[in-house]
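Student: Provided below for reference: sequence and predicted model.
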Amino acid sequence: MGNRVLRARNGFAHLRALWYRGVVEIEVPFGARAVPSDQTRILREALDAIRPGRPAAAFDLDSTILSNKPRQARIVREFGRARGIALLADCTPRAVVSWDLRDTMRLCGLPADEVQRLHADLRRFWLHRFFTSDYCREDEPIAGARDYLHRVLGKGGQVLYITGRHAGMEEGTLHAFRNAGFPLPDGARVQLWLKPQPDDDDDRWKETCNARLLELSGLACAFDNEPTHVNAYKRAFPDARVVHLDTDHSGRPVEVRPDVPSIVDFRMPG
Ligand SMILES: [Mg+2]
């Protein structure tokens, strides 16, 4: 099946179930919503929202402040070596353009019939590795993220890393933070909120986090690449500056609310 753009207000749960089963493919172009000339202003307004009585700035990790493309490329390379497929053993992050491993295999130069033949095997191989501490060590910072996180602290803010990663990925996550030069969790001004169990639902976990945030002194700003999550932040915290990272997302057909602006990274030119 070719890629299709599917936009639906109704039947979302049904579509999502089909997507998880690989029955439909959903592709919304990434980077199309953000307006580059607005980026510096959006980032500055989020910083300006930080106040002594409202210091919290929430950051998702994957595809928000960290790119996991190097992690994905390593998995494909190891698969290539394990199966004796030289084209995959040479995979680089440039071949990772979506969550569909068939796209990556095609960009590595594999013919269409080989892509189809290997897909289920590679997906199993990927699933055993992607959500692990050892592999998430590979992640690299999104451009400008390190400086921006330090600016938040410089404004007197509190950095909350709020992620769907599970607690078993903590060590690799901290390794990637150190490599990236990100502020490290100290349990107070910098905190890392990991999902307790790998099988916990991501959306429900983020709602739990929103409830925890409400118990704090409020939220100044929040950043996430998932439309579902930025919309939930804006619903729970209408006064917060909520910003969508137009990098990639799970492919679910959810529109970002019109009052949530998009950026492609954290660089602030000009
Ligand atoms: Mg994410």
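Tutor: Thanks, I have the structure now.
Student: quick one: neighbours of P36, just the number.
Tutor: Using other C-beta atoms under 10 Å, P36 has 12 neighbouring residues. For the C-beta atoms, the positions are set from N, CA and C on the backbone; glycine is no exception.
Student: what comes up buried for whichever strand or helix holds R123?
Tutor: Using DSSP states H and E, R123 sits within helix 112-130. By neighbour count on 16 or more other C-beta atoms under 10 Å, the buried set for helix 112-130 is V115, L118, L122, F125, W126, R129.
Student: how about residues contacting stretch 255-267?
Tutor: Contact partners of stretch 255-267, identified using C-beta atoms under 8 Å, 6 or more residues apart in numbering, comprise 7, 31, 33-36, 38-39, 42-43, 65, 142-145, 147-148, 227, 230-231, 234, 242-247.
Student: just the buried ones from these?
Tutor: Using 16+ other C-beta under 10 Å as the burial test, the contacts of stretch 255-267 include 33-34, 39, 42-43, 65, 142, 144-145, 148, 227, 230-231, 234, 242-247 as buried.
Student: in helices, which of the residues you listed fall?
Tutor: Q39, I42, L43, A145, Y148, P227, V230, N231, K234 (DSSP state H).
Student: what's the local residue count around the closest residue to the ion within the stretch 151-270 of the chain?
Tutor: Nearest to the ion in the stretch 151-270 of the chain, going by C-beta to the ion, is N225, at a distance of 4.5 Å. Here the number of neighbours of N225 (other C-beta under 10 Å) works out to 22.
Student: same question for M169, what's its three-state structure.
Tutor: Here M169 is recorded as helix under DSSP: H, G, I helix; E, B strand; the rest coil.
Student: is it true that it touches R137?
Tutor: No - contact between M169 and R137 fails when scored by C-beta atoms under 8 Å: they sit 9.6 Å apart.
Student: how about the residues of this structure near the ion?
Tutor: The interface of the chain toward the ion, taken as C-beta under 5 Å from the ion, is made up of D60, D62, S63, N225.
Student: isn't the last one right next to L61, touching?
Tutor: I take that to be N225. No - N225 lies out of contact with L61 (C-beta under 8 Å); the separation is 9.7 Å.
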